[in-house]
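**Q** here is the input, now give the coordinates:
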Amino acid sequence: MSQPDKRALLAEGLAAGDDDAALHVRLVAAGMSAAAAKYEIDRLGKDPMAAMLRRQAARMAKQAWLLANQDRLAREADGGFALDTLVAPDSGFFYRHHYEANRPAKLTGIVDHWPALARWSLDHFARVAGDAVVEAQVERERDPDYELAKDNHRRLVRFGELIDWLRKDAASNDIYLTAYNSGTNAAALAILWDDIAPIALLDDRRPRDGFFWLGPRGTLTPWHHDLTNNLLVQVMGRKRVRLAPPWALARMKNGRHCFSDWGNDALPAGGGDEVRPPVLETIIGPGEAIFLPVGWWHQIEALDLSASMSFTSFCRPNAHVEDYASWGEL
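**A** Down below sits the predicted model:
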């Protein structure tokens, strides 16, 4: 019978916050004799690395307590854990009660002045930009990690050919023009920016800002959180948006980078349980928007042929990427 890897078992226990008694149980359960387990635990008392691990585990336990308080406060609020809908909100109210409070919201009446709401259609796209060469994410359905491996799915296509394919109205997650493709598409499709106008909630010094999204019904952006605050504005079709709060980090199963191991699972709306996170759900249609605060997990599904714009140009620095240091470790 092979001996357990005692160093791995001890490190795992210390990181989990085990006291000496719990460490002993862990080692014996793995096949170590009681005497050998006691010897190894006694040695830890002189090990500065073990002391530091225990200190770090205590810090993590306190962080978990603080996040649990956020969960409790959200549930105890008037109306419970819910998504607010703001109708043509005042900028001061939005920033004080949502942006600065890290609280999502559905918004209406903020882009009623956009010509895009009347103009945008596949026919309009073909007429004004059909010959443009655009970049899209393609062959997503063959790769379960299509979002993490976005660079592997970048392809140049003629916009008119993509439009012809979209006219079939077939449900698919295989091709999608996303914000990640904007380095090419913002120039190739610049004429479409003539159909949008400044939004009062955003910084009006960046009038040609924004990221263009276009895809068929069935496109799925799997569970993840962004590294900035985002405003997603729907122009054509509908999207279902599911959100889970940052304080549900443990239940969101953060496997790699900003992505969740829940992937494309349709986590049900509600308060969640010991395994599943609390989830808010809404549908945004033409002229509606959703504010996605930094750190909030979300999954987005197109219910129809869909065109959207997203923005990060708020009247605040929105600089949250610079000190994001865990990429590569988590």
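**Q** ranges for the helices of the stretch 151-300 of the chain?
**A** With helices called from DSSP state H, counting those that start in this stretch, the stretch 151-300 of the chain shows them at 159-166, 182-188.
**Q** for the first one, name the packing helices and strands.
**A** I take that to be helix 159-166. In terms of contact count using 3 or more CB pairs under 8 Å, 6 or more residues apart in numbering; DSSP states H and E, helix 159-166 is assigned the packing partners helix 122-129, strand 133-138, strand 211-215. (Each C-beta comes from the backbone N, C-alpha and C, glycine too.)
**Q** contacts for the first one?
**A** Under the criterion CB atoms under 8 Å, 6 or more residues apart in numbering, residues 159-160, 163, 166-167, 188-189, 191-192, 214, 305 lie in contact with helix 122-129.
**Q** now do stretch 63-75
**A** Counting by CB under 8 Å, 6+ apart, the neighbours of stretch 63-75 from elsewhere in the structure are 80-81, 245-250, 271, 278.
**Q** next: stretch 312-321.
**A** For stretch 312-321, contacts defined as CB under 8 Å, 6+ apart pick out 91, 95, 99-100, 201-203, 206, 209-210, 227-231, 294.
**Q** mind naming the longest helix for the protein?
**A** The longest helix of the chain (DSSP state H) is helix 48-76.
**Q** buried ones in that helix?
**A** Taking 16 or more other CB atoms under 10 Å as the basis for neighbour counts, the residues of helix 48-76 that come out buried are 50, 53-54, 57, 67, 71, 74.
**Q** poorly predicted segments of the stretch 51-200 of the chain, please.
**A** Counting by pLDDT under 70, not a single residue of the stretch 51-200 of the chain qualifies.
**Q** now the terminal residues of stretch 100-114, how far apart.
**A** For stretch 100-114, the first and last residues are 27 Å from each other (CA to CA, to the nearest Å).
**Q** before we move on, what about stretch 120-135?
**A** Counting by CA to CA, you get 19 Å between the two ends of stretch 120-135.
**Q** just how off-centre is that stretch within its chain?
**A** Here the centre of mass of C-alpha atoms in stretch 120-135, compared against the chain's by CA atoms, centre = their mean, to the nearest Å, lies 29 Å away.
**Q** strands of the stretch 101-250 of the chain, residue ranges please.
**A** For the stretch 101-250 of the chain, applying DSSP state E, counting those that start in this stretch gives strands covering 105-108, 133-138, 154-158, 175-176, 211-215, 220-225, 230-236, 239-244.
**Q** which of those strands sits most buried?
**A** When neighbours are counted by mean count of other CB atoms under 10 Å, the highest per-stretch mean among the strands of the stretch 101-250 of the chain falls to strand 211-215, a mean of 25.
**Q** just name the closest of the contacts of stretch 312-321 to D42, please.
**A** Each of the contacts of stretch 312-321 was scored against D42 by CB to CB, and L227 proved nearest at 44.8 Å.
**Q** I'd assumed P293 was in contact with that closest one.
**A** No: under the criterion of CB atoms under 8 Å, L227 lies out of contact with P293, with a separation of 11.6 Å.
**Q** what does stretch 46-60 rub up against?
**A** The set of residues that contact stretch 46-60 without belonging to it, under CB under 8 Å, 6+ apart, is 10-11, 14-17, 44.
**Q** need those in a markdown table with distance to N181, can you?
**A** Output for the contacts of stretch 46-60, formatted as a markdown table (distance: CB to CB, whole Å):
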| residue | distance to N181 |
| --- | --- |
| L10 | 47 |
| A11 | 42 |
| L14 | 45 |
| A15 | 40 |
| A16 | 42 |
| G17 | 44 |
| L44 | 52 |
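**Q** can you redo these as JSON lines with secondary structure and pLDDT?
**A** Rendered in JSON lines, the data for those read as follows (DSSP: H, G, I helix; E, B strand; the rest coil; pLDDT from 0 to 100):
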{"residue": "L10", "secondary structure": "helix", "pLDDT": "93"}
{"residue": "A11", "secondary structure": "helix", "pLDDT": "92"}
{"residue": "L14", "secondary structure": "helix", "pLDDT": "94"}
{"residue": "A15", "secondary structure": "helix", "pLDDT": "91"}
{"residue": "A16", "secondary structure": "coil", "pLDDT": "92"}
{"residue": "G17", "secondary structure": "coil", "pLDDT": "93"}
{"residue": "L44", "secondary structure": "helix", "pLDDT": "91"}
